[in-house]
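Undergrad: can't give you the sequence, but here's the structure:
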């Protein structure tokens, strides 16, 4: 079983699903990856790239925590 060795399985998702999850266009996601502001995809072949769903979820959570930590304007 996967959990017995300390590893867990995760779903791999394509650019369309990544873009949908973060409410951005695929081209914006690619631009953010190039700029180092978004998780990098796994390269599965010459043209096949996929993101780990758990990494995208963690990225969304980090953004949410950062927003919550910002002081509000008074």
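TA: Okay, I see it. Since the structure is predicted, the reported quantities are computational estimates derived from the model, not experimental observations. Numbering: from 1, shown residues only.
Undergrad: just read off the phi/psi values of the residue nearest to the spatial centre of the chain.
TA: Centroid check for the chain by CA atoms, centre = their mean gives residue 56 as the closest residue, at 2.3 Å. When quoted as degrees, to the nearest 10, the phi and psi of residue 56 stand at phi -70, psi -40.
Undergrad: how about the helices in the protein?
TA: Secondary structure of the chain (DSSP state H): helices at 15-22, 26-34, 53-69.
Undergrad: now the last one, how far from the chain's geometric center?
TA: Which is helix 53-69. Remark: helix 53-69 is offset 9 Å from the chain centroid, using CA atoms, centre = their mean, to the nearest Å.
Undergrad: picking that back up, for the helices of the chain, give me CSV that also has distance to residue 41 and mean pLDDT.
TA: (Glycine included, C-beta is placed from N, CA and C.) Shown next, in CSV, are the helices of the chain (distance: least, CB to CB, whole Å; pLDDT from 0 to 100):
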stretch, distance to residue 41, mean pLDDT
helix 15-22, 8, 97
helix 26-34, 7, 98
helix 53-69, 9, 92
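Undergrad: and of those, who's closest to residue 47?
TA: helix 15-22 (11.6 Å; CB to CB).
Undergrad: buried residues in the closest one?
TA: 15, 18-19, 21-22 (16 or more other CB atoms under 10 Å).
Undergrad: again, but for stretch 35-46
TA: 38-39, 41.
Undergrad: how about the biggest strand by length in the chain: buried residues?
TA: In the chain, ranked by residue count with DSSP state E as the criterion, the top strand is strand 49-52. Along strand 49-52, these residues count as buried under the neighbour rule (16+ other CB under 10 Å): 49-51.
Undergrad: can you tell me which of the residues you listed lies nearest to residue 71?
TA: residue 51 (31.9 Å).
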